[in-house]
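Asks: Structure here, sequence nowhere to be found:
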Ligand SMILES: [Zn+2]
Ligand SMILES: [Zn+2]
Ligand SMILES: [Zn+2]
C-alpha cells in the first residue's frame, strides 16, 4: 500500500492515489482496496512497452452476459457525489442496454439530482 517509490512492475495493480496495491476483487473489476477506484493493471502493449491498462469487467450485466472484449464495450464516467466527490466508471455493453459501474452507487449517500438509476 502506498509504495509509490518503487516503479511499477509488470502485473502490478496501480491506484493513481495510493500507488501499488493488492486489488480488491469482489467487485465488477479489480479495485484499490482503500478508495475502491478501479485499479490500473501494468501490462505490456503490442510493442512491448509497459503501459497501464484500465480494467474492464469480463461480461456485461445483461441476461446474455456478452463478453466485454475490446470494441464491445464503451467506458464512460458518471459524475456522482455519493462517494463524497468523484463518480462512477461505467462500462456500457454495445450489444444490449446493460451498464455496469464501479464503485457501487451508494443509495444512502446525498442526493445527486442527476437522475441516476440502477
Ligand atoms: Zn486508491
Ligand atoms: Zn450485453
Ligand atoms: Zn453514485
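Replies: Received it, and whenever you're ready, just let me know what you need. Small disclaimer: the values here were computed from a predicted structure and weren't measured. Residues are numbered from 1 along each chain as shown. Ligands and ions are numbered 1, 2, ... in the order given.
Asks: Contacts only, for the most centrally placed residue in the chain.
Replies: For the chain, the residue nearest the mean C-alpha position is residue 38 (3.3 Å; CA atoms, centre = their mean). Taking CB atoms under 8 Å, 6 or more residues apart in numbering, we find residue 38 in contact with 29, 30, 31, 32, 54, 55, 89, 102. C-beta: built from backbone N, CA, C; applies to glycine.
Asks: same thing with residue 93?
Replies: Contacts of residue 93 were listed using CB under 8 Å, 6+ apart, and they are 60, 61, 62, 66, 68, 72, 73, 99.
Asks: The fifth one contacts residue 61, correct?
Replies: I take that to be residue 68. No. Applying CB atoms under 8 Å, one finds residue 68 not in contact with residue 61, separated by 9.8 Å.
Asks: quick one on the thing from earlier: may I see the contacts of residue 93 organised as CSV, with pLDDT and secondary structure added?
Replies: Below are these laid out as CSV (pLDDT from 0 to 100; DSSP: H, G, I helix; E, B strand; the rest coil):
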residue, pLDDT, secondary structure
60, 96, coil
61, 94, coil
62, 96, coil
66, 97, coil
68, 94, coil
72, 94, coil
73, 94, strand
99, 95, strand
